[in-house]
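>>> Sequence first, then the predicted structure, then my questions.
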Amino acid sequence: MPKLTVNGVEVEVENGATVLHACEEAGVEVPRFCYHDRLSIAGNCRMCLVDMERAPKPVASCAMPAGDGMVIRTDTDRVKKAREGVMEFLLINHPLDCPICDQGGECDLQDQAMGYGYDASRYEENKRAVEDKNMGPLISTTMTRCIHCTRCVRFATEIAGVPELGAIGRGESMEITTYLEKTLASELSANVIDLCPVGALTSKPYAFAARPWELSKTESVDVMDAVGSNIRVDARGAQVMRVLPRLNEDINEEWISDKTRYAIDGLRRQRLDRPYMRGRDGKLEPASWDDAFSAISAKMKKAKPKAVAAIAGDQCDAESMFALKMMMGKLGSGHIDCRQDGAKIGGARSGYLFNSTIAGIDDADALLIIGSNPRIEAAVLNARIRRNWLATRLPVAVIGPKNDLTYDALHLGDDPALLDDVLSGKSKFAAKLKKAKRPMIIVGMGALTRSDGAAILGKARDIADAYGVVGGGWNGFNILHTAAARVGGLDLGFTPDRGGLDVAGMYKAAEAGELDVVWLMGADEIDHARLSKAFVVYQGHHGDRGAHHADVVLPGAAYTEKDGIYVNTEGRVQYASRAAFPPGEAREDWAIVRAMAARLGINLGFDSLDDLRESLYEAVPHFAARDEVASAKWAKFGGRSKLTAAAIDSALDGFYMTCAISRASETMGQCMMALAEDGARDAAE
């Protein structure tokens with residue numbers, strides 16, 4: 001490893017490191033605009049100039065490889081003058097927009113102009129103006145502010161895999177553009193806002209809404225998918241203003257999906273802020289908590305234990321599911337299920353986890369995807385697959401629908417019988433799997449929610465055994481969930497007891513008149529019509545599908561309005577924190593269940609969230625291991641029934657509207673409309 005001297009301090013850096021890395025290792029701050037740790041080196045802003053011994057002029061430290069024996073100075077007069085000159089050039093055409101710019105207070109250009117710039121300009125010529133570009137409903141553009149760092153271009157091309165941004169023109173005429181003036185067709189597009197060091201790219205839905213110093217900032221966890229991206233929720237009073245990514249190298253690095261970032265305006269629409277009961281005319285009418293609990297209590301006390309069931313939705317926190325499970329157990333009912341989509345998973349923990357961990361994707365050398373479209377089901381995770389593919393040309397094959405995954409993938413087909421071909425070695429991808437030292441399989445909900453989902457899971461396990469997917473300290477067998485609450489629910493055992501009914505069984509029992517009461521905790525993605533003969537209690541935060549079909553509606557708290565534990569698809573336990581309070585009379589979900597249990601004369605053994613968590617840790621110890629992944633022992637799982645002939649499909653039809661929050665989001669609706677308009681225009685051309 002090369003050793004070099006920075007400002008008189010000797011440092012040692014890894015092979016391939018740059019002079020800029022060496023300066024950081026020595027504790028020296030080097031200004032930069034174009035350089036970013038996760039993007040390729042451009043070296044075009046020249047702000048990171050340093051003096052190198054025997055060099056005739058200052059060198060760009062971001063593009064200069066660190067060499068043994070180099071002597072670097074960052075504090076000489078020549079470096080100071082060079083940086084002042086660069087800053088003067090950058091500001092020649094930059095407009096005086098700071099008072100009205102949304103980047104104000106968080107602007108790298110402001111900060112570095114203060115720290116490294118000159119206090120005056122010698123240029124009096126008219127500033128140039130650049131026409132703003134259309135990048136869709138998420139990104140607001142003021143291209144006159146652009147300093148041509150090309151971070152957005154490199155992100156779109158390298159990370160997102162959508163090369164729709166680029167530069168045209170030369171010199172002073174250079175412009176960053178989308179070429180065809182249309183929405184960026186990426187689920188990660190808004191990350192360019194965080195990357196932009198000036199105010200050229202800002203958030204369109206957040207435009208002129210607030211200043212950074214007005215907001216209270218809360219570290220939390222995303223629930224729009226099962227990745228569990230780490231986020232920061234910025235709120236003003238009771239209103240969530242924006243969501244930003246929080247660095248976590250093992251999960252989302254520093255990216256989040258557009259749905260994670262922008263579905264939050266759905267938290268202000270169609271909210272349940274008071275209990276409702278269905279009146280004699282069949283319409284839901286406002287009610288008091290006491291009246292709602294009385295109506296539910298009367299029905300539950302009349303019902304036999306075997307005639308009461310509960311379903312947990314996709315965004316429930318672990319505490320509320322644990323409380324509901326305890327109440328159902330005290331009532332004597334084993335009819336509980338957290339798999340509202342009917343996924344055939346459960347039992348052995350290794351049979352429902354992303355066992356390699358998300359970071360383990362970087363180590364895979366062959367990948368078979370079964371019944372999943374990671375690009376829309378887990379956009380941030382898909383970017384990690386793309387990164388591996390860019391670095392190693394990772395061979396990828398897909399059994400399921402053919403989609404643009406942003407990387408090359410061999411589409412084997414969508415016939416379930418192809419699994420037998422892979423297992424027997426007849427498939428053209430079998431040789432790749434056999435040759436791989438760390439092969440990986442990703443099974444999605446599109447394969448597991450089918451009637452033969454258990455058989456597909458068993459077949460995938462057989463393939464894993466046949467090709468060494470598990471062994472030698474490596475477990476590349478992965479289940480990719482689409483629900484943030486799913487792994488937590490399975491870990492808690494929120495699945496039918498022996499003799500209990502799953503969701504499909506509840507449908508049949510309700511249609512036969514054998515279920516009297518069904519408790520839905522945030523369960524909107526089910527066939528509510530099949531439960532119409534039962535008395536339905538819906539506990540949730542939005543007036544979505546579940547509330548429309550319920551007899552009693554209990555207003556709960558959304559994920560930004562409560563402290564809660566979520567377990568992501570890899571089994572990592574994460575704690576979300578409350579950033580705002582729920583509206584009106586809405587309450588946290590665990591508190592609603594506890595109050596209902598007390599009305600029924602049931603003592604759940606806790607009166608506070610801390611007490612509940614103590615009981616939870618006692619029942620499932622690994623929930624106390626915050627931010628850790630408890631590895632699962634490789635065991636038997638899956639079924640041995642016959643595969644059906646139906647084609648394997650994806651679990652989600654689209655990216656933008658997949659839950660009650662995103663369906664209430666005006667921004668997500670605009671994204672869908674923009675995507676449809678661009679698609680229609682492309683078809684017409």
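Received it, and whenever you're ready, just let me know what you need. All values reported here derive from a predicted model rather than from experimental measurement. Residues are numbered from 1 along each chain as shown.

>>> Going by C-alpha atoms from here, please, whenever you check contacts or count neighbours.
Fine.

>>> Provide the count of other residues in contact range of residue 72.
Counted with other Cα atoms under 10 Å, the neighbours of residue 72 add up to 22.

>>> In its sheet, which strands sit next to the helix or strand hosting it, and in what direction?
In this structure, residue 72 sits in strand 71-73 according to DSSP states H and E. Strands that pair with strand 71-73, judged by DSSP bridges, come out as strand 3-6 (parallel), strand 49-52 (antiparallel).

>>> Need the winner for burial among those.
Among the strands paired with strand 71-73, ranked by average contacts under mean count of other Cα atoms under 10 Å, first place goes to strand 49-52 (a mean of 24).

>>> hang on, residue 158 packs against residue 39?
Yes - here residue 158 lies in contact with residue 39, judged by Cα atoms under 8 Å, at a distance of 7.4 Å.

>>> Neighbour count: the two, which is higher?
Between residue 158 and residue 39, residue 158 has the larger neighbour count (other Cα under 10 Å), namely 19 against 16.

>>> still on that earlier bit, buried sites along the following helix or strand past the strand holding residue 72?
Counting by DSSP H and E, the next helix or strand C-terminal to strand 71-73 is helix 77-90. Residues 78-80, 82-88, 90 are the ones in helix 77-90 that count as buried (16 or more other Cα atoms under 10 Å).

>>> same question, stretch 59-79
Buried residues in stretch 59-79 (16+ other Cα under 10 Å): 59-63, 65-67, 70-74, 78-79.

>>> Of the strands paired with strand 71-73, which is nearest residue 143?
strand 49-52 (25.6 Å; Cα to Cα).

>>> can you pull out the helices in the stretch 201-350 of the chain?
Taking DSSP state H, counting those that start in this stretch as the test, the helices found in the stretch 201-350 of the chain are 258-262, 289-302, 318-331.

>>> Which other helices and strands does the second one contact?
It stands for helix 289-302. The elements that helix 289-302 packs onto, with contact taken as 3 or more Cα pairs under 8 Å, 6 or more residues apart in numbering; DSSP states H and E, are strand 552-555, helix 589-599.

>>> Comparing the ones you listed, which comes out most buried?
It is strand 552-555: most buried of the helices and strands packed on helix 289-302 by mean count of other Cα under 10 Å, with a mean of 29.

>>> who does that one pair up with?
strand 276-278 (antiparallel), strand 535-540 (parallel).

>>> Indicate which one of these is closest to residue 548.
Closest among the strands paired with strand 552-555, using Cα to Cα: strand 535-540, at 9.1 Å.

>>> May I have the helix or strand following that closest one as PDB, with CA atoms only?
Scanning forward in sequence from strand 535-540 by DSSP H and E, the next helix or strand is helix 545-548. C-alpha atoms of helix 545-548 as PDB (Å, rounded to 0.1, in the frame of the first residue of the first chain):
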ATOM      1  CA  ARG A 545     -60.200  -0.500   0.600                       C
ATOM      2  CA  GLY A 546     -60.400  -2.000   4.100                       C
ATOM      3  CA  ALA A 547     -62.200   0.900   5.600                       C
ATOM      4  CA  HIS A 548     -64.800   1.000   2.800                       C
END
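
>>> what does helix 545-548 rub up against?
By Cα atoms under 8 Å, 6 or more residues apart in numbering, the residues outside helix 545-548 that reach it are 520, 522-525, 528, 538, 540, 553, 660.

>>> from those residues, which would you call buried?
Buried among these by 16+ other Cα under 10 Å: 520, 522-525, 528, 538, 540, 553, 660.

>>> Spit out the contact partners of residue 675.
Residue 675 touches 183, 185, counting by Cα under 8 Å, 6+ apart.

>>> host element of it?
Going by DSSP H and E, residue 675 is in helix 666-684.

>>> and what of residue 154?
helix 151-154.

>>> I'd like the distance from that helix to the chain centre, please.
21 Å (Cα atoms, centre = their mean, to the nearest Å).

>>> Beyond that helix, next helix or strand please.
With DSSP H and E, the next secondary element past helix 151-154 is strand 166-168.

>>> Determine the set of other helices and strands touching that following strand.
Against strand 166-168 (3+ Cα pairs under 8 Å, 6+ apart) you get strand 175-177.

>>> partner strands of the strand it packs on, parallel or antiparallel?
Partners of strand 175-177 in its sheet, by DSSP bridges: strand 166-168 (antiparallel).

>>> List the neighbours of the strand holding residue 72 that are in contact with it.
4-7, 50-53.

>>> what pLDDT, on average, does that strand get?
Averaging pLDDT along strand 71-73 yields 95.

>>> to the chain's geometric centre, what's the distance from it?
Taking mean C-alpha positions (Cα atoms, centre = their mean), strand 71-73 and its chain are 42 Å apart.

>>> now stretch 287-299
37 Å.

>>> Can you show me the CA trace of it as PDB?
Extracted C-alpha coordinates of stretch 287-299, given in PDB (Å, rounded to 0.1, in the frame of the first residue of the first chain):
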ATOM      1  CA  ALA A 287     -68.800   7.500  16.300                       C
ATOM      2  CA  SER A 288     -67.100   7.700  19.600                       C
ATOM      3  CA  TRP A 289     -64.400   5.300  20.800                       C
ATOM      4  CA  ASP A 290     -66.800   4.000  23.500                       C
ATOM      5  CA  ASP A 291     -69.500   3.300  21.000                       C
ATOM      6  CA  ALA A 292     -67.100   1.600  18.600                       C
ATOM      7  CA  PHE A 293     -65.600  -0.600  21.300                       C
ATOM      8  CA  SER A 294     -69.100  -1.500  22.600                       C
ATOM      9  CA  ALA A 295     -70.300  -2.600  19.100                       C
ATOM     10  CA  ILE A 296     -67.200  -4.700  18.700                       C
ATOM     11  CA  SER A 297     -67.400  -6.200  22.200                       C
ATOM     12  CA  ALA A 298     -71.000  -7.200  21.700                       C
ATOM     13  CA  LYS A 299     -70.100  -9.100  18.500                       C
END
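
>>> Much appreciated, bye for now.
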